[in-house]
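Undergrad: I'll drop the sequence and a predicted model, then ask my questions.
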Amino acid sequence: MFVASLEQAQQFTEAAAAAGPATRPVQIFYALSQFGRAISAASTLNGGADWRLKAHGIRTEKLDAGNGLASVGVIPTAKGSLPGVAQALGVASFDAGVELTLGVLWPLIPETRAVPLPGGGTIGALSASVTNILSEGMENWARLQLLPIASGVSAQAQTNPAALDAFLAHYPTLQGRRSADFMQTPAVAWGVGQELQIFVPAVGARPMTEQALTTSYRGQSDRFVFPAVGSMAGPVHPLLAWWAVLFGLSILARYEPEHWAAIIDIDKSMEANAVENLLEHAVAVVPHLALLAIQEASGP
């Protein structure tokens, strides 16, 4: 299962890389689906027959892109490949039966911040780094640099400090902060926005604290803070975010081709640039994340 799934995933990825946006979401989603089977087969957490994945683990209902791509909803299920991969990785899956819109899911993918989806949300992945550890008496504090913070968040925080608390409450690892300061330097590398520096309780030396507060994305030096979604106690795993978004796009491309053609029309659609940006990154990011997930799931 492991070897055969990887072979199919490679061929789907190569087909996606050679395709245009009209069909790429279908091919790259099925590549991810087969990568998921390899991850589950390699996992040390799955026992018995649990590792053999069936169905997508996510569905759509009353699919309609007429009100914009951001309004399109996907519904995770209690069983299937999506929660199966989450189990293989030892992380929480999305709430079963609760619809999530692509507008909410889109900013969970770091590569989308430079080209956001029109109508998308502001709660997303934040590039993060621990700049230093400060000691005050018996307490240790980590200074954490976060970017990009949407300009609307800082504008609301200036008049209503509780707005910043409400924003940071979406990020489980950022609880217990002492202070926060917005920096005026725009976050050019990861989209338009501002930098936020906050102090949060440290859990040891800098490397240990950085691992506790942030999530490794495409390497140990590529770290982000991810929000929780729904009732999750911890941050969403980035592979699950890619799974949900690519599933939604693949379903649109397959079953609503006329709507999909309008969405990717670069001359007329306000959403086409965001879609092309995500799909361009997907053919490189999905295999990379799958490799890291296999290594994570299979243990040392």
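TA: Thanks, I have the structure now.

Undergrad: the helices in the stretch 201-300 of the chain, which residues?
TA: Secondary structure of the stretch 201-300 of the chain, counting by DSSP state H, counting those that start in this stretch: helices at 206-213, 238-255, 257-263, 272-298.

Undergrad: what does the stretch 51-200 of the chain give?
TA: For the stretch 51-200 of the chain, the helices defined by DSSP H, counting those that start in this stretch cover 81-89, 102-105, 151-159, 161-168.

Undergrad: I'd like those laid out as JSON lines, including mean neighbour count.
TA: All C-beta spots, glycine's among them, are computed from the backbone N, C-alpha and C. Converted to JSON lines, the helices of the stretch 51-200 of the chain look like this (neighbours: other CB atoms under 10 Å):
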{"stretch": "helix 81-89", "mean neighbour count": "24"}
{"stretch": "helix 102-105", "mean neighbour count": "24"}
{"stretch": "helix 151-159", "mean neighbour count": "15"}
{"stretch": "helix 161-168", "mean neighbour count": "16"}
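
Undergrad: out of those helices, which comes closest to Ala297?
TA: Comparison of the helices of the stretch 51-200 of the chain against Ala297 by CB to CB identifies helix 81-89 as nearest, at 5.0 Å.

Undergrad: Now do stretch 14-29: distance to the chain's middle.
TA: 20 Å (CA atoms, centre = their mean, to the nearest Å).

Undergrad: and the helices of the stretch 201-300 of the chain, which is most packed in?
TA: helix 238-255 (a mean of 23; mean count of other CB atoms under 10 Å).

Undergrad: ok so, going back, tell me which of the helices of the stretch 51-200 of the chain approaches His237 most closely.
TA: Distances from His237 to each of these were compared using CB to CB; the shortest belongs to helix 81-89, at 6.1 Å.

Undergrad: elements contacting the closest one?
TA: Contact here means 3 or more CB pairs under 8 Å, 6 or more residues apart in numbering; DSSP states H and E; on that basis helix 81-89 packs against helix 24-42, helix 238-255, helix 272-298.

Undergrad: any idea of the mean pLDDT in the first one?
TA: Meaning helix 24-42. Mean pLDDT, computed over helix 24-42, is 96.

Undergrad: cool, the second one as well?
TA: For helix 238-255, mean pLDDT rounds to 97.

Undergrad: Run the angle between it and helix 81-89 for me.
TA: Computed by axes from the mean of the first three to the mean of the last three CA atoms, to 10 degrees, the angle separating helix 238-255 from helix 81-89 equals 160 degrees.

Undergrad: got it, and the first one?
TA: Taking the same axes, to 10 degrees, helix 24-42 and helix 81-89 form an angle of 40 degrees between their directions.

Undergrad: what's the answer for the longest one, then?
TA: Angle between the axes of helix 272-298 and helix 81-89 is 40 degrees (criterion: the same axes, to 10 degrees).

Undergrad: List the contacts of the nearest residue to Arg223 once chain neighbours are set aside.
TA: The shortest distance from Arg223 to any non-neighbouring residue, by CB to CB, 6 or more residues apart in numbering, is to Thr214 (4.0 Å). Under the criterion of CB atoms under 8 Å, 6 or more residues apart in numbering, the contact partners of Thr214 comprise Ala128, Ser129, Val130, Thr173, Arg223, Phe224, Val225.

Undergrad: quick one, what contacts the residue lying closest to Tyr217 once chain neighbours are set aside?
TA: The spatial neighbour of Tyr217 that comes closest, neighbours along the chain excluded (CB to CB, 6+ apart), is Phe224 at 5.2 Å. Contact criterion CB under 8 Å, 6+ apart gives Pro110, Ala125, Leu126, Ser127, Ala128, Thr214, Thr215, Tyr217, Pro238 as the residues in contact with Phe224.

Undergrad: Most neighbours among those residues, which one?
TA: In terms of neighbours by other CB atoms under 10 Å, those top out with Leu126 at 27 neighbours.

Undergrad: mind listing what it touches?
TA: If a contact means CB under 8 Å, 6+ apart, then Leu126 has Leu146, Leu147, Pro148, Ile149, Tyr171, Phe224, Val225 as its contacts.
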